[in-house]
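Peer 1: Need coordinates for the below:
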Amino acid sequence: MSSPKLEAGHPFPKIVVTGADGAQRDLSQPTGGHDWMMVVVYRGRHCPMCTRYLNELETYRAALGDIGVDVAAVSADSAEQLAEHMTQLSVEFPLYHGLSISQMQQLGLYVSDPRSPSETDHPFAEPGLFVINADGALHVVDLSNNPFVRPALKTLVSGLKWIRDPANNYPVRGTRSYVA
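Peer 2: From the prediction side, this is the model:
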């Protein structure tokens, strides 16, 4: 079964997930006075590359906040798996769990089955990163089918700073589609 990809410039869907504290949140909505939202989808507790990426993302959280970008991360892990993973993380942005296969498909993510029960006990999303602008539209979309390809955070944050500068008047890119 194929999973349609979200289109740049189109609205980000309403994706409601649950936090470590049990509270629910619609990931499309920034908080804390921010007007843009960055949603990072990670594979889960079983992925050491995800742990490193999330910890590195924390070092850019303040810079993202300075340009009005809120940050949240989500995986298909259970509440228990998220709690265990949090012992390996040093992050202050919110983490969410329970991303369903239906939600993964809605986001156009690549989905994998575990290689063995020792890896994890459920299908999981491969990495995805979405930046939603103040109009609720996707401004940046990055999807990967494996853990080895993700946006370089230094470059991403620098690029978002440039995009957010009104003097640059930088539009959403990649919006032209071709019909064969």
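Peer 1: rest of the way, CA atoms for contacts and neighbours
Peer 2: Noted.
Peer 1: which residues of the protein fall in strands?
Peer 2: With DSSP state E, the ranges of strands along the chain come out as 16-19, 24-26, 36-41, 69-74, 95-97, 111-112, 124-125, 128-132, 138-143.
Peer 1: Go through the ones you listed and pick out the most buried.
Peer 2: Mean neighbour counts were taken over the strands of the chain using mean count of other Cα atoms under 10 Å, and the top value, a mean of 28, falls to strand 124-125.
Peer 1: Give me the distance between that one and the centre of its chain.
Peer 2: 12 Å (Cα atoms, centre = their mean, to the nearest Å).
Peer 1: on that earlier part again, how about the strands of the chain in TSV, adding mean pLDDT and distance to R176?
Peer 2: Shown next, in TSV, are the strands of the chain (pLDDT from 0 to 100; distance: least, Cα to Cα, whole Å):
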stretch	mean pLDDT	distance to R176
strand 16-19	95	29
strand 24-26	95	28
strand 36-41	98	23
strand 69-74	98	25
strand 95-97	97	33
strand 111-112	86	26
strand 124-125	86	27
strand 128-132	97	18
strand 138-143	96	14
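Peer 1: Now render those strands as a markdown table, adding distance to R164.
Peer 2: Output for these, formatted as a markdown table (distance: least, Cα to Cα, whole Å):
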| stretch | distance to R164 |
| --- | --- |
| strand 16-19 | 26 |
| strand 24-26 | 23 |
| strand 36-41 | 10 |
| strand 69-74 | 10 |
| strand 95-97 | 25 |
| strand 111-112 | 31 |
| strand 124-125 | 29 |
| strand 128-132 | 12 |
| strand 138-143 | 11 |
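Peer 1: Indicate which one of those is closest to E7.
Peer 2: The closest of the strands of the chain to E7 is strand 138-143. By Cα to Cα, the value is 7.3 Å.
Peer 1: Sheet partners, orientation included, of that closest one?
Peer 2: Here strand 138-143 is paired, per DSSP bridges, with strand 128-132 (antiparallel).
Peer 1: can I get the CA coordinates of stretch 50-64 in CSV?
Peer 2: The C-alpha coordinates for stretch 50-64 follow below in CSV (Å, rounded to 0.1, in the frame of the first residue of the first chain):
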residue,chain,number,x,y,z
CYS,A,50,17.4,9.2,16.9
THR,A,51,18.6,9.7,20.5
ARG,A,52,21.7,11.6,19.2
TYR,A,53,19.5,13.7,16.7
LEU,A,54,17.0,14.7,19.4
ASN,A,55,19.8,15.6,21.8
GLU,A,56,21.5,17.7,19.1
LEU,A,57,18.2,19.4,18.3
GLU,A,58,18.0,20.6,21.9
THR,A,59,21.1,22.6,21.3
TYR,A,60,19.2,24.5,18.6
ARG,A,61,15.9,24.9,20.5
ALA,A,62,16.7,28.5,21.7
ALA,A,63,17.8,29.6,18.2
LEU,A,64,14.6,28.2,16.8
